[in-house]
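> following is a predicted model, sequence given first.
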Amino acid sequence: MRRLTFAGFLESYVRTLAGGDTLALSKLVESSKSEPRLVEPMLLWVAMTDRADRLNGLLEGRESLQRELMTLVKLQDAESLESALAAENPRLRPEYSKAWRSYVVRRDAATRDAELRLEARERVLALESRKSVTRYRMAKDLGLNPGNLHAFLAQGNPTKLSLDRVVELLEYLEVT
């Protein structure tokens with residue numbers, strides 16, 4: 001699976017916030033007038049995808065947004081936009097860092113989930129040693145693939161069970 005990029009995240013985020021599933025700059029500018037949450041992700045996306053000249057022309061009469069766009073473009077050209085967002089650069093409004101944090105949460109979700117599953121695995125192993133339930137019985141009662149359950153418990157492979165299934169397993173062992 002490919003790793004999520006900030007530009008890719010912003011593209012899907014802008015589409016969602018625009019409400020029309022569009023990336024047409026003219027439509028995004030119109031939507032930004034009624035959807036204020038769209039402005040910062042849109043400016044970031046445009047700065048990262050080299051569409052700043054086109055957007056700058058569409059932002060006639062909105063000088064503050066044009067200045068912000070130029071600041072973002074300068075940071076992107078210097079290859080320091082992402083680090084400025086991560087460091088919450090005081091030159092940038094906090095809304096830009098919010099978009100960055102949303103990206104980081106989405107980017108790191110798989111790692112966080114794997115860590116949670118491995119922590120839950122330790123609890124499952126502790127409960128399994130105290131209860132008189134076989135792995136076969138656990139798999140049968142919960143409708144789990146026995147091979148996946150074995151890979152999860154014996155080999156510690158967090159990809160073999162979803163977080164929801166691990167929670168079901170824990171609840172099953174706690175009541176058994």
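Okay, I see it.
> leaving out chain neighbours, which residue sits closest to residue 120?
residue 166 (4.7 Å; C-beta to C-beta, 6 or more residues apart in numbering). C-beta: built from backbone N, CA, C; applies to glycine.
> kindly report the same for residue 115.
What sits nearest to residue 115 in space, not counting adjacent residues and going by C-beta to C-beta, 6+ apart, is residue 158, at 7.9 Å.
> pull the number of nearby residues for that neighbour.
A total of 22 residues lie near residue 158 under the criterion other C-beta atoms under 10 Å.
> pretty sure it contacts residue 148?
No: contact between residue 158 and residue 148 fails when scored by C-beta atoms under 8 Å: they sit 11.1 Å apart.
> check contacts around the residue nearest to the spatial centre of the chain.
With the centre of the chain defined as its mean C-alpha position, the nearest residue by C-alpha atoms, centre = their mean is residue 106, 1.0 Å away. Residue 106 makes contact with 4, 9 under the criterion C-beta atoms under 8 Å, 6 or more residues apart in numbering.
> now the element after the helix or strand in which it is found, going C-ward?
Residue 106 belongs to helix 94-107 when elements are defined using DSSP states H and E. The element immediately downstream of helix 94-107 (helix or strand, assigned by DSSP H and E) is helix 109-130.
> for that following helix, name the packing helices and strands.
Helices and strands touching helix 109-130, by 3 or more C-beta pairs under 8 Å, 6 or more residues apart in numbering; DSSP states H and E, are helix 146-153, helix 163-175.
> do you know which of those lies nearest residue 36?
Of all the helices and strands packed on helix 109-130, the one in closest proximity to residue 36, counting by C-beta to C-beta, is helix 163-175 (34.2 Å).
> who touches that closest one?
By C-beta under 8 Å, 6+ apart, the list of residues contacting helix 163-175 from outside reads 113, 116-117, 120-121, 123-124, 127-128, 131, 133, 138, 141-142, 144, 149, 152, 161.
> just the buried members of these?
With neighbours counted by 16 or more other C-beta atoms under 10 Å, the contacts of helix 163-175 contain buried members at 117, 120-121, 124, 127-128, 138, 144, 149, 152, 161.
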